[in-house]
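Q: can you look at this prediction? I've put the sequence above it.
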Amino acid sequence: MLFGKRTSKDAFEKQAEKVFPSVFGTALRLTRSREEAEDLAQEAIVRAYEAFDRFDGANFKAWILRIVTNLYINRYRQRQRGPSLSSIDEEGMAEPVADEGDVPDRLLFDGLLGGEVEEALGKVPDDFRIAVVLSDLEGMSYQEIADATGVPIGTVRSRLARGRALLRRMLKEYAMREGYVSAAEVDE
């Protein structure tokens, strides 16, 4: 029995290592905060580890991204319901941070998506952004997204369409400036 637990732990660690960049990247795009993304990714890894014996073995990445998404949605709902509590001592306190250009995850993700694209994605409402991130950046199927978010596939399709349309509108000028499309193509 002890041997079985060790083997299971090793299997989890190997799979978690492979998908951690996607876990953290998704958390970062959902929260738009490095600190919140770190907390969300860490909590997702812990929850996945605790539930690994219930994992069906089919698609570890989709399974763990479902955990990330569900945790994010639950936190978002809690924030919507309750007041924000903060300490009087914390108000007005500035935490020292590196320049945005020096933060390692910014260097990594700026290379993957242009700053304008990341900024536009950050402005997309949560429900639509979750669908776009999971589909277009993480490659999850409609069914996997539906399972992760707890909504029907039709809703996933609708959210993807609306999220992509919002991004398209926000990025129209950028696309013309960078030569991805011409003014004539945008007017079509």
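A: Sure thing, it's come through. Residues are numbered from 1 along each chain as shown.

Q: output the lowest mean pLDDT helix or strand found in the protein.
A: The helix or strand of the chain with the poorest confidence is helix 104-112; it has a mean of 43 (mean pLDDT, DSSP states H and E).

Q: so which elements touch the helix ranked longest in the chain?
A: Criterion DSSP state H: the longest helix present in the chain is helix 2-31. Secondary-structure packing of helix 2-31 (3 or more CB pairs under 8 Å, 6 or more residues apart in numbering; DSSP states H and E): helix 34-51, helix 60-81, helix 104-112, helix 115-123, helix 126-132. In this view, the C-beta of every residue, glycine as well, is placed from N, C-alpha and C.

Q: kindly recompute the last result at 7 Å.
A: Here helix 2-31 touches helix 34-51, helix 60-81, helix 104-112, going by 3 or more CB pairs under 7 Å, 6 or more residues apart in numbering; DSSP states H and E.

Q: tell me which of those helices sits nearest to F24.
A: Of all the helices and strands packed on helix 2-31, helix 34-51 sits nearest to F24, with 4.6 Å by CB to CB.

Q: correct me, but A183 touches A175?
A: No. Using CB atoms under 7 Å, A183 is not in contact with A175, being 10.3 Å away.

Q: okay, those two: which has more neighbours?
A: Higher neighbour count among A183 and A175: A175, with 16 against 8, using other CB atoms under 10 Å.

Q: what's the angle from the helix or strand encompassing the more buried one to helix 115-123?
A: Assigned by DSSP states H and E, A175 belongs to helix 153-177. Here helix 153-177 runs at an angle of 150 degrees relative to helix 115-123 (axes from the mean of the first three to the mean of the last three CA atoms, to 10 degrees).

Q: could you give me the average pLDDT of helix 153-177?
A: In this model, helix 153-177 has a mean pLDDT of 90.

Q: contacts for stretch 45-52 next, please.
A: 8, 12, 16, 23, 64, 67 (CB atoms under 7 Å, 6 or more residues apart in numbering).

Q: nope, stretch 61-77 is what I was after
A: 19, 22-23, 26-27, 30-31, 40, 43-44, 47-48, 55, 126, 130, 134, 138, 140, 144, 147-149.

Q: report pLDDT for the spatially most central residue of the chain.
A: Closest residue to the average C-alpha location of the chain: T26 at 2.4 Å, with CA atoms, centre = their mean. T26 carries a pLDDT value of 92.

Q: which ones are touching V117?
A: L171.

Q: got it, and S8?
A: Applying CB under 7 Å, 6+ apart to S8 gives the contacts 52-53.

Q: any idea how far it lies from I64?
A: Per CB to CB, to the nearest Å, S8 is found 15 Å from I64.

Q: and for A175?
A: 33 Å.

Q: so what's the spatially closest residue to R157 that is not a sequence neighbour up against?
A: Leaving aside its sequence neighbours, R157 sits nearest to Y142 (CB to CB, 6 or more residues apart in numbering; 6.4 Å). With contact set as CB under 7 Å, 6+ apart, Y142 has these partners: 153, 156-157.
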